[in-house]
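> take this sequence and fold it.
(2 chains)
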2 protein chains.
Amino acid sequence: MDKIAPKVTEILKEMLLVSDSFIPLHIPEFDDKEQQFVNECIRSNFVSSVGSFVDRFEEMLQTFTGAKRCVLCVNGTSALHLALHSAGIGFEDEVLIPSFTFIATANAVSYCGASPHFIDIEEKHLGVDPTKLSEYLEKEFTFDGVQLYNPKTKRKVKALVPMHTFGHPCKMSELLKIANSYNLLVIEDAAESLGSYYKDKHTGNAGLCGVLSFNGNKIITSGGGGAILSNDIDFADKLKHLSTTAKEPHKWEIKHDNIGYNYRMPAINAALGCAQMEKLANFISHKRKVAEMYFNALKNVDGLRFVSEREDSKSNYWLNTIILDDASGYSLGELLKRTNDIGIMTRPAWTPLHLLPIYSNCPKMDLEITENMFRRVINIPSSAKLGF
Amino acid sequence: MDKIAPKVTEILKEMLLVSDSFIPLHIPEFDDKEQQFVNECIRSNFVSSVGSFVDRFEEMLQTFTGAKRCVLCVNGTSALHLALHSAGIGFEDEVLIPSFTFIATANAVSYCGASPHFIDIEEKHLGVDPTKLSEYLEKEFTFDGVQLYNPKTKRKVKALVPMHTFGHPCKMSELLKIANSYNLLVIEDAAESLGSYYKDKHTGNAGLCGVLSFNGNKIITSGGGGAILSNDIDFADKLKHLSTTAKEPHKWEIKHDNIGYNYRMPAINAALGCAQMEKLANFISHKRKVAEMYFNALKNVDGLRFVSEREDSKSNYWLNTIILDDASGYSLGELLKRTNDIGIMTRPAWTPLHLLPIYSNCPKMDLEITENMFRRVINIPSSAKLGF
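Okay, the predicted model is just below:
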């Protein structure tokens, strides 16, 4: 019989079920500011693809992350797609991505006509494992000094997309070194890590570009929304042009010089985002308090580990994570059932993408840790308000 | 010397420049209702992909258009893409679309890996010409009783996308007859025609599905937004599933059974859309007054024609349109310059898509009328508020 599930359920119940009868996994926090900004946007009449709130949200994100440029998109998925497409990922290319990620990472690769090539993660912080990746590339791939190839599929391997799982930054120094030695573009999937820093550098700033998400379950929300951070001005100009139907500037002629996208964030969503940005530092501080609270409550419990940030990085603790010792998946199933039954919303990790029939035929390395973690990882309620 | 441009400029100036110093082509009209609904949405905390306003906006559109189902999307482009993709348009297929349309129609076909095949329009209401299409298909294509082929490219021709230009419905009876006889799917691009009826039937309701847009320049706006109307319940279910990352329903497992999209409209945009829907009938009535005003002011002017609705249909008069007699493009250039110079915003039609380098190699029929209209068509200010 499982002992860990009842115990953790009791701890969470005591901590969380003080007044509310349902504790969601992650909900946004609004006050009058959001209504004020959105009302201002409506009164300005500019609610769509043009509007001062779009520029303002971009500038706020640049200031916050230190990126030279920011390009807002309708959501994180569109931002990932646009980033990959603009980076030159095309038909029959391969892109190295973790299998342990939300499906959007893989879908964005597919939209380009390319194939994901799944790589494994580290047990400690659930990000791409640099050591395992390095050995794999050394052993199984060919590199002609310019281009990396997968000899089995005869395809070009063009980019690496590290994803900062649940807010914990990947080991970017090591990953960048590997990427540089094989001429791989680095596009960070920072959808979950706004407010997370790797060695004092905000996530999304290390490679060609990084992608953020402002979906309703993220640390801040614009309803729907995403963004691409880049320190390459020309690349950012290209992103913006392609996100706005590749329309050529002209007083009245309607001409387009490329097959572009309608990916620009509407101003009404940006207005919501601007209001949220004003509170982001506060949210992070509260979310870090929630993490500390969990850490203290769980530190003496046998049979599990709470995921704390690494010494060299700072996490936004987007979703707080427990890793159970039991690798059979039994404890996980029990804990999911018990907590959700009493209104404490918990979730397992995503089904690893290589286990989904639609992605099961994609090239992949051994994914032992990914599969193991899938049977051990559980996310627990993490809204900033829990730290107030 | 051109006589028509100064004359029309004078007429527009007298009609429009009463108090304002700048008359835009088309702007949205908001009052307290929009702020009220959006604030209610923010207070509910459901601003993202889940939220009652999304269902409510869909229901309002179903009731208004008579379509059995409506699936909201982030914008009209995503709606077109999703409709084509879900209808089975894929790699190396061809889709019959007008060259005289906004580039999104062609881009959506390209996103599927398919190619647009450009067809010509009628001079009278600027929609796809059924007679010319019928003759073209008869002469230049092969049909094996099941599938239409383009013998020149050896590709399958799978669908026809009529676009209801500036709000004027195409001749759908004739087009449907042609489509049926060649087994072509009909996907209406009704992005400009919410509130327009062909023989008492709302546009977008004739074929497999129809696509609406709620961009900031449309008759109603949700900031950004689009929708797919369909009377095929199974197809609509598929659209909704694919628009929400193809996630399988489960209490907590995160699994996806297809390469889906993140195309669902956020609730905050739907809230804006709901408020606009309450005024749509009013907007249409005011826009029809604007059209009548233009018709009367221009009816005795030689050298041009104001585009009025056909007897068998009702137009929302999204953008009011003048067609100049001068086919050289000279009068058009003069009129664009004169009006825009004094703050009356006017616009030519889109550069025909087959004339853009990116689409110049696509298959096409003779496009004489399209090219002719491009040198003669001008859109004049059309906001609903001009009729108040």
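> touching chain B at all, the least confident helix or strand in chain A by mean pLDDT?
Least confident element among the helices and strands of chain A, by mean pLDDT, DSSP states H and E: helix A:4-16 (a mean of 94). No: using C-beta under 8 Å from any C-beta of the partner chain, helix A:4-16 stays clear of chain B, coming no nearer than 14.0 Å. Placement of C-beta: from N, CA and C, glycine included.
> and what of stretch A:332-348?
Yes: under the criterion of C-beta under 8 Å from any C-beta, stretch A:332-348 makes contact with chain B via A:336, A:340, A:346-348.
> could I have the buried ones of those as ChimeraX selection syntax?
In ChimeraX syntax, the buried subset of the residues of stretch A:332-348 next to chain B is picked out as below (16 or more other C-beta atoms under 10 Å in any protein chain shown):
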select /A:336,346,347,348
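> mind checking which of the residues of stretch A:332-348 next to chain B are in strands?
Mapping the residues of stretch A:332-348 next to chain B onto strands (DSSP state E) picks out A:347-348.
> farthest pair in the residues of stretch A:332-348 next to chain B?
A:Asn340 and A:Pro348 (10.7 Å; C-beta to C-beta).
> still on that earlier bit, which of the residues in the least confident helix or strand of chain A are classified as buried?
A:4-5, A:7-9, A:12-13, A:15-16.
> shared neighbours, A:Asn340 and A:Pro348?
Here A:Asn340 and A:Pro348 have B:Trp252 as joint contacts, going by C-beta atoms under 8 Å, 6 or more residues apart in numbering or on different chains.
> any idea which element the residue nearest the centre of chain A lies in?
Nearest residue to the geometric centre of chain A (C-alpha atoms, centre = their mean): A:Ala191, 2.6 Å. A:Ala191 belongs to no helix or strand when assigned by DSSP states H and E.
> wouldn't it be in contact with A:Ala104 here?
Yes: contact criterion C-beta atoms under 8 Å: A:Ala191 and A:Ala104 qualify, at 7.4 Å.
> contact partners for the residue of the stretch 101-250 of chain A found nearest chain B?
Residue of the stretch 101-250 of chain A nearest chain B, by C-beta to the nearest C-beta: A:Gly216 (2.5 Å). Shown in contact with A:Gly216 (C-beta under 8 Å, 6+ apart): A:27-28, A:223-224, B:46-50, B:266.
> where does it land in three-state SS?
Classification of A:Gly216 by DSSP: H, G, I helix; E, B strand; the rest coil places it in coil.
> returning to what we had before: and for A:Ala191 and A:Ala104, which residues touch both?
Common neighbours of A:Ala191 and A:Ala104, using C-beta under 8 Å, 6+ apart, are A:76, A:80.
> which residues of the stretch 251-388 of chain A lie near chain B?
A:251-262, A:264-269, A:272, A:336, A:340, A:346-351, A:356-358.
> in the top helix by length along chain A, which residues are buried?
Longest helix in chain A, counting residues (DSSP state H): helix A:280-298. Neighbour counts using 16+ other C-beta under 10 Å place A:280, A:283-284, A:286-288, A:290-291, A:294, A:298 of helix A:280-298 among the buried residues.
> please apply the same query to stretch A:323-342.
Result for stretch A:323-342 [16+ other C-beta under 10 Å]: buried residues A:323-324, A:326, A:331-336, A:338-339.
> how does chain A divide into domains?
As given by automatic domain parsing, the domain ranges for chain A are A:4-28+A:280-387, A:32-277.
> could you give me the buried positions within stretch A:305-321?
Buried, per 16+ other C-beta under 10 Å, within stretch A:305-321: A:305-310, A:313-321.
> out of these, flag the one nearest to chain B.
Set against chain B, the nearest of the buried residues of stretch A:305-321 by C-beta to the nearest C-beta is A:Leu319 (12.4 Å).
> if I look at the closest one, how far off is B:Glu309?
55 Å (C-beta to C-beta, to the nearest Å).
> do A:Lys240 as well
39 Å.
> so which of the contacts of A:Gly216 sit within helices?
Going by DSSP H, the helices hold none of those.
> just put these in a markdown table and tack on pLDDT, distance to A:Lys171 and neighbour count.
Compiled in a markdown table, the contacts of A:Gly216 are given as follows (pLDDT from 0 to 100; distance: C-beta to C-beta, whole Å; neighbours: other C-beta atoms under 10 Å in any protein chain shown):
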| residue | pLDDT | distance to A:Lys171 | neighbour count |
| --- | --- | --- | --- |
| A:Ile27 | 96 | 31 | 20 |
| A:Pro28 | 96 | 30 | 26 |
| A:Gly223 | 97 | 33 | 35 |
| A:Gly224 | 96 | 31 | 32 |
| B:Phe46 | 94 | 37 | 21 |
| B:Val47 | 94 | 35 | 29 |
| B:Ser48 | 92 | 31 | 24 |
| B:Ser49 | 86 | 32 | 21 |
| B:Val50 | 84 | 35 | 14 |
| B:Pro266 | 98 | 34 | 36 |
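> dump the residues you listed to TSV, plus distance to B:Glu371.
Formatted as TSV, the contacts of A:Gly216 follow (distance: C-beta to C-beta, whole Å):
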residue	distance to B:Glu371
A:Ile27	55
A:Pro28	51
A:Gly223	42
A:Gly224	39
B:Phe46	49
B:Val47	46
B:Ser48	45
B:Ser49	43
B:Val50	47
B:Pro266	40
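> so which of those residues comes closest to B:Ser21?
The closest of those to B:Ser21 turns out to be A:Gly223 (C-beta to C-beta; 34.2 Å).
> was I right about the closest one contacting B:Pro266?
Yes: using C-beta under 8 Å, A:Gly223 is in contact with B:Pro266, at 3.5 Å.
> got a list of what the residue lying closest to A:Phe295 once chain neighbours are set aside touches?
Setting aside the residues directly before and after it, A:Phe295 is nearest to A:Phe306 in space (C-beta to C-beta, 6 or more residues apart in numbering or on different chains), at 5.2 Å. When contacts are counted by C-beta under 8 Å, 6+ apart, A:Phe306 is found next to A:294-295, A:298-299, A:320-323.
> mind putting these into CSV with pLDDT?
Formatted as CSV, the contacts of A:Phe306 follow (pLDDT from 0 to 100):
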residue, pLDDT
A:Tyr294, 97
A:Phe295, 97
A:Leu298, 97
A:Lys299, 95
A:Asn320, 98
A:Thr321, 98
A:Ile322, 98
A:Ile323, 98
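> those: which two are farthest apart?
A:Lys299 and A:Thr321 (14.5 Å).
> before we move on, the earlier item: of the buried residues of stretch A:305-321, which belong to strands?
Short answer: those in strands (DSSP E) are A:305-306, A:313-314, A:320-321.
> torsion angles phi and psi at A:Thr63?
Per-residue torsions, A:Thr63: phi -60, psi -40 (degrees, to the nearest 10).
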